[in-house]
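Student: With the input below, show me the fold.
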Amino acid sequence: MRQVEGLRAELAGFVSDVFASVPRKDQRVKGEVYLRGLMTEGRRKSVSAMASRLPDGSEQNLQQFVNQSTWDPVPVRRRIAERLVPQIGPDAFVIDDVSFPKDGRMSVAVAPQYCGALGKQANCQVAVSVHAVTDAASVPVGWALFVPREWDDDQPRRAKCGIPEEVGHREKWRLALDLLDETAGWGLVAPVVVADAGYGQNAQFRAGLTRRGIRYVVAVRADTGVHPATAVPETPDWSGNGRKPQPRYRRDPVSVTDLAIGTGRPEFTEVTWRRGSRGPMRSRFLAVRVRPAGVTPRRLAIAAAEAAAIPWDGVLPEVWLLAEWPDGADAPTDYWLSDLPEDTPVAELVRLAKIRWRIEHDYRELKHGLGLDHFEGRSWAGFHHHVTLVTAAQAFLTEQRLRPKALTPA
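Tutor: Now for the predicted structure:
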């Protein structure tokens, strides 16, 4: 508490800048109080708990500010991103999602679905997030609440939670692309996108990144099918009847696991990607060029050829396959696909693939330190106000940590 109080002047300047779009002075004052509540000590960061710890905290004022006020959180998040991204100098934008277990069915967008926080199906909310990341620092630059399909036609619940009419069910990978479009509209284009297999496995997601000119390093499942880069499609002879056959790869695709094992463990080289708390972090990796197989990659490649008004030659796009086979493991354990240039060093592929660790750090701070999952309101506006305020609190602390010899609040 004393550390935060000692930074009141810096916090006031920060709030004045990032909350400049909030129209009323009293709302900006409440925003500063709310941020102090999030950053002060105390396990629970609900409105009532924060108000009880702050000398100038009013539970009624804070409840009204986060749940009923009409201030728009998007310009606030934009200003946070514009302010923090240049300071961080991100190596990548990392996409992930986070879940919030909930009781009952009246919290906005709650539904029985996979809950990462519990590791099983459970009643929860899920939000997609995009983070600007380096190994040294990170900050969320976008949030999108996932609306399950069952909410599309449930007008009583939608009205009670205040979900805008234009908002409906949209797949998480599409929400992630929407967030990237939003940040690009602010002039903040992802240098590289990194994501886990929940996103990377989706060929439409990868194609969406490619259409936007965004490079990627994304995890995929062990059963993902690929062709070796050297494979050449062939066009069967045409009998003269019916449609002319299209070029195809004559051999069936192989799984990334079979390809990696077939290449042989001696081809895996040791790479150190960063220094952890227990010393250098290293493992053994293989990087080879492949062509992702399957119906969806094929259809997307055909559509791309048609859009460019060129004949389809049957050749699927070539990308990197990165595989990890740690010492002591009986088989490779992790796989990634990347469309980074062919001359990209293996060490750089590994470093970017592993940079997702920073998101786990983010979520620990956002949840356990700053109360991301302590919000007790049920409305659409309240949820987005709260995640924006938590983002602002983390951004302020990140700025303090980036300052040389700065006093960093707990």
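
Student: going forward, measure contacts and count neighbours with C-alpha atoms only.
Tutor: Fine.

Student: Buried ones in stretch 285-299, by neighbour count?
Tutor: F285, L286, A287, V288, R289, V290, R291, P292, A293, G294, P297, R298 (16 or more other C-alpha atoms under 10 Å).

Student: how distant is that stretch from the center of its chain?
Tutor: With C-alpha atoms, centre = their mean, to the nearest Å as the basis, stretch 285-299 stands 23 Å off its chain's centre.

Student: For it, what does the pLDDT average out to?
Tutor: For stretch 285-299, the mean per-residue pLDDT is 93.

Student: Quick one: residues in contact with it.
Tutor: Residues from elsewhere that reach stretch 285-299, judged by C-alpha atoms under 8 Å, 6 or more residues apart in numbering: 203-204, 224-230, 253, 260, 267-271, 316-325, 346, 350.

Student: Stretch 105-112 too?
Tutor: Stretch 105-112 is contacted by residues 102, 121-126, 145-148, 151, 157-158, 161, 163, 377-380, 383 when judged by C-alpha under 8 Å, 6+ apart.

Student: Give me the subset of these that lies in strands.
Tutor: Q121, A122, N123, C124, Q125, V126, L145 (DSSP state E).

Student: My guess is Q113 contacts P101. True?
Tutor: No: applying C-alpha atoms under 8 Å, one finds Q113 not in contact with P101, separated by 10.0 Å.

Student: neighbours of R8, just the number please.
Tutor: As a burial measure, R8 scores 13 neighbours (other C-alpha atoms under 10 Å).

Student: Over to A308?
Tutor: Neighbours around A308, by other C-alpha under 10 Å: 9.

Student: Break down the stretch 1-150 of the chain into its strands, ranges please.
Tutor: Using DSSP state E, counting those that start in this stretch, the strands of the stretch 1-150 of the chain run over 92-101, 111-115, 120-133, 138-145.

Student: Using CSV, lay out these together with mean neighbour count and mean pLDDT.
Tutor: Output for the strands of the stretch 1-150 of the chain, formatted as CSV (neighbours: other C-alpha atoms under 10 Å; pLDDT from 0 to 100):
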stretch, mean neighbour count, mean pLDDT
strand 92-101, 23, 96
strand 111-115, 18, 95
strand 120-133, 21, 96
strand 138-145, 24, 96
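
Student: List the neighbouring strands of the helix or strand containing R282 plus their orientation.
Tutor: Using DSSP states H and E, R282 sits in strand 279-292. Using DSSP bridges, strand 279-292 pairs in its sheet with strand 225-228 (antiparallel), strand 269-276 (antiparallel), strand 319-324 (antiparallel).

Student: Y216 and A190 touch, don't they?
Tutor: No: taking contacts as C-alpha under 8 Å, Y216 lies outside contact range of A190: 9.5 Å.

Student: who's more crowded, these two?
Tutor: Y216 (26 against 23).

Student: the domain parsing of this protein - what is it?
Tutor: What automatic domain parsing lists as the domains of the chain is 2-73+367-402, 90-189, 216-235+245-355.

Student: Those domains: which one's closest to A81?
Tutor: Evaluated over the domains of the chain, closeness to A81 peaks at domain 90-189, with 5.3 Å, by C-alpha to C-alpha.

Student: tell me how far the ends of the closest one are from each other?
Tutor: End-to-end span of domain 90-189 (C-alpha to C-alpha, to the nearest Å): 10 Å.

Student: cool, stretch 324-332 as well?
Tutor: End-to-end distance for stretch 324-332: 5 Å, by C-alpha to C-alpha.

Student: how about it: buried residues?
Tutor: E324, W325, P326, P332.

Student: Show residues contacting that stretch.
Tutor: Stretch 324-332 is contacted from outside by 257, 260-261, 265, 268, 283-286, 323, 333-335, using C-alpha under 8 Å, 6+ apart.

Student: Can you flag the buried ones in those?
Tutor: Counted by 16+ other C-alpha under 10 Å, the contacts of stretch 324-332 give T257, A260, F268, S283, R284, F285, L286, A323, D334, Y335 as buried.

Student: on that earlier part again, is it possible to get CSV of the buried residues of stretch 285-299 that adds distance to L389?
Tutor: Shown next, in CSV, are the buried residues of stretch 285-299 (distance: C-alpha to C-alpha, whole Å):
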residue, distance to L389
F285, 40
L286, 42
A287, 41
V288, 43
R289, 43
V290, 43
R291, 43
P292, 41
A293, 43
G294, 43
P297, 40
R298, 43
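
Student: Spit out the contact partners of D26.
Tutor: Here D26 is in contact with no residue (C-alpha under 8 Å, 6+ apart).

Student: any idea how far S16 is from it?
Tutor: On the measure of C-alpha to C-alpha, D26 and S16 end up 12 Å apart.
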